[in-house]
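*Asks:* got a predicted structure here, sequence first:
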Amino acid sequence: MASGYVSFASAPTSSLDVQGTSRSDPQRFGREGGWVERLKRSAPPGIVVSTVDVFRDGKGARADLSAYEHDFARQRETGLGTPASVPRIGDRAIATELVAPGGEKEYSVAWVFRNASASVTAIGPQSLRLANVVALARKQQAKLARN
């Protein structure tokens, strides 16, 4: 994890973690389980949410990435997000810049690797860049690739 971040919540994904999204059904697409970790940093202030979901097969993981795409598109349609290009992570990746409160920056990167979908969302100061979030996503992808 980037310097200064500490975990404040780490647990299996609950229905509250995906409430109101296209991914709200815990059994969607043959999902077998998932995990979410929340990290924070005080200076400069920032929050990172990292998730992973495991599916019976790659088809389920790809369907889950499509659900992320649907949610990102819905955010753009409502004016809450803009598309962001992301270099290759895993087998396929997507990204969006979101409208964050109080002048902060927020980015979300989601990707698929074999039979897993994963995401990293970060909220931070104006100095936060998509490249920062992509670097965190690449670290998580490296962990997925080792398992």
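*Replies:* Nice, I can see it.

*Asks:* from now on I want contacts and neighbour counts done on CA atoms only, so please keep to that.
*Replies:* Fine.

*Asks:* chain center to the worst-scoring helix or strand of the chain on mean pLDDT: distance?
*Replies:* The helix or strand of the chain with the poorest confidence is helix 15-18; it has a mean of 81 (mean pLDDT, DSSP states H and E). Its chain's average C-alpha position is 13 Å from that of helix 15-18, according to CA atoms, centre = their mean, to the nearest Å.

*Asks:* show me what the helix or strand that comes right after that helix is packed against.
*Replies:* Helices and strands here follow DSSP states H and E; after helix 15-18, the next one along the chain is strand 31-42. With contacts defined as 3 or more CA pairs under 8 Å, 6 or more residues apart in numbering; DSSP states H and E, strand 31-42 has these neighbours: strand 6-12, strand 45-55.

*Asks:* list the buried ones in the last one?
*Replies:* Of the residues in strand 45-55, those buried by neighbour count under the rule 16 or more other CA atoms under 10 Å are 46, 47, 48, 49, 50, 51, 52, 53, 54, 55.

*Asks:* the closest residue to the fourth one other than its chain neighbours pairs with what?
*Replies:* Counting by CA to CA, 6 or more residues apart in numbering, residue 49 lies nearest to residue 38, which is 4.6 Å off, once chain neighbours are set aside. In this structure, residue 38 has beta-bridge partners residue 9, residue 49, where bridges are defined by DSSP bridges.

*Asks:* if I look at residue 38, how far off is residue 11?
*Replies:* Distance of residue 38 to residue 11, given as CA to CA, to the nearest Å: 9 Å.
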